[in-house]
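*Asks:* kindly return the folded structure for what I paste below:
(chains A and B)
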Amino acid sequence: MNLDRQFQQLIEGEIKYQSANLSLNLLISRLQRKYSSSQTPAEMQQCLQEMKAFFEKYASIVAKDAEALSKL
Amino acid sequence: MFVTLEEAKKLIEQGKVLHIAGDEDLLAQLPRGNWIGGTTPYFITDEGGITCKDKLFVNEIAAAVECKTAVYDKSNVLNISQDAYANGLSLLVMPFASEVAICYAQKAPDADDILMNPTIGWISGYDLSAGGSAKAYDGLTGSVYADKAVALHIALPEDKLAVIGIVNIFDRDDNGPKIEFMEDTLSVKTCLVDGREVVLADYLAEHNINTKLPLVADYNSVLVNVSIKDVSEDSKTVDFYAPVFAGKEYRFATPVNDYAASFAEHLQGMAGVKPVFSCNCILNYLYGELDGKATPPFAGPVTFGEVAYQLLNQTLVYAEIIDK
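*Replies:* Just a heads-up that it's a prediction; the model follows:
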């Protein structure tokens, strides 16, 4: 499932998504702060990479989050 | 488990992987083994809050398949995530007011990969009525530190996963003033209140703000507290127990009249949680008069700061090990 568009919009603050998972919420908050301080394509790529790595590692506990994000 | 020194020794000698909290006189008598620990004389046991120097609070991480300890100072504490097992849990103890604890508090939220590996922990403390010093213990080497952090990295079986959670009884007063800070700091003189620069110490006094209530910021729906440590009328500085960060919006918390009842309300629906470790803040214990009051299903040391990836204040944090 490709969620790049949703991840990017989340990081830019264009869409909102609140998870039941503490670490995912902290990650979204962290990446939003990181990107807002340096809004470059390179920074966005780094943020996307981090988000995707998290979703890959924790696929079993963020499956519902992935499904919900896919519908945004 | 709230156990005697002899019981704790037996658990260590059995080779169990343990986290141990208690008074330094007891911790100093423990043999080497697969454990880390920290000092505090305050606990919330299954029977309720208690100040005790005769027993230790021991958490066994039964699911551990391998473990290692690591010692950190301010130059390398952010390596904690790199040192963790690929599928594991890291427990971290940092002495109160140590440089390593201050560094972690300031830098962990922005550290690369900090959220990729579950990290839970606490700031160790001491008896506030008697004084003393906070310490962290590496049971594997038998070393004790007042100025370094100690981590226990635990590897879990492939079919298990560690999950970290928090319980924060404080809500943000979204009708109250918006507070913003111009820099990441543990101590401020001025800040913005609804966009206007004020001397925070004066603002707190003029508006009769209850400084037992934390400032609260929203981290994508996670409410994170920053507790007020001291307000100096002389220097007009306000010190915090955790950093405030530029770019975050803070509001004062709405008052909590009954901490025990509020915890009970927040913990409804969590009876099925089986924490392998949890801790709760000394400020909740003191302000909330939690002596004799329990917070099931959570029991554990009462701490001078809590870590759930980053430093938190006035929060209960916990780790669970679940099936993937």
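*Asks:* ok, B:G37 - contacts?
*Replies:* B:19-22, B:27, B:30, B:93, B:136-137, B:139 (CB atoms under 8 Å, 6 or more residues apart in numbering or on different chains). For glycine as for every other residue, the C-beta is placed from the backbone atoms N, C-alpha and C.
*Asks:* let's have the residues you listed in CSV, adding pLDDT.
*Replies:* Below are the contacts of B:G37 laid out as CSV (pLDDT from 0 to 100):
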residue, pLDDT
B:H19, 98
B:I20, 98
B:A21, 98
B:G22, 98
B:L27, 98
B:L30, 98
B:V93, 98
B:A136, 98
B:Y137, 98
B:G139, 98
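*Asks:* in strands, which of these appear?
*Replies:* B:19-22, B:93, B:136-137 (DSSP state E).
*Asks:* now those residues in a markdown table, with distance to B:K178?
*Replies:* Shown next, in a markdown table, are these (distance: CB to CB, whole Å):
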| residue | distance to B:K178 |
| --- | --- |
| B:H19 | 39 |
| B:I20 | 42 |
| B:A21 | 38 |
| B:G22 | 42 |
| B:V93 | 35 |
| B:A136 | 37 |
| B:Y137 | 42 |
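*Asks:* would you turn the residues you listed into TSV with distance to chain A and neighbour count?
*Replies:* Listed next are the ones in strands among the contacts of B:G37 as TSV, based on distance: CB to the nearest CB, whole Å; neighbours: other CB atoms under 10 Å in any protein chain shown:
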residue	distance to chain A	neighbour count
B:H19	20	27
B:I20	25	26
B:A21	22	30
B:G22	28	27
B:V93	20	31
B:A136	24	31
B:Y137	27	26
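*Asks:* could I get the full set of helices for the chain?
*Replies:* Using chain A here. For chain A, applying DSSP state H gives helices covering A:4-12, A:22-36, A:41-57, A:63-70.
*Asks:* that's the wrong chain, I meant chain B
*Replies:* So, for chain B - with DSSP H - the helices run B:5-13, B:24-27, B:80-83, B:99-107, B:200-206, B:259-266, B:282-287.
*Asks:* in TSV, list those along with mean neighbour count and distance to B:Y250.
*Replies:* TSV is the format used below for the helices of chain B (neighbours: other CB atoms under 10 Å in any protein chain shown; distance: least, CB to CB, whole Å):
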stretch	mean neighbour count	distance to B:Y250
helix B:5-13	16	41
helix B:24-27	20	35
helix B:80-83	17	27
helix B:99-107	21	16
helix B:200-206	16	11
helix B:259-266	17	20
helix B:282-287	22	17
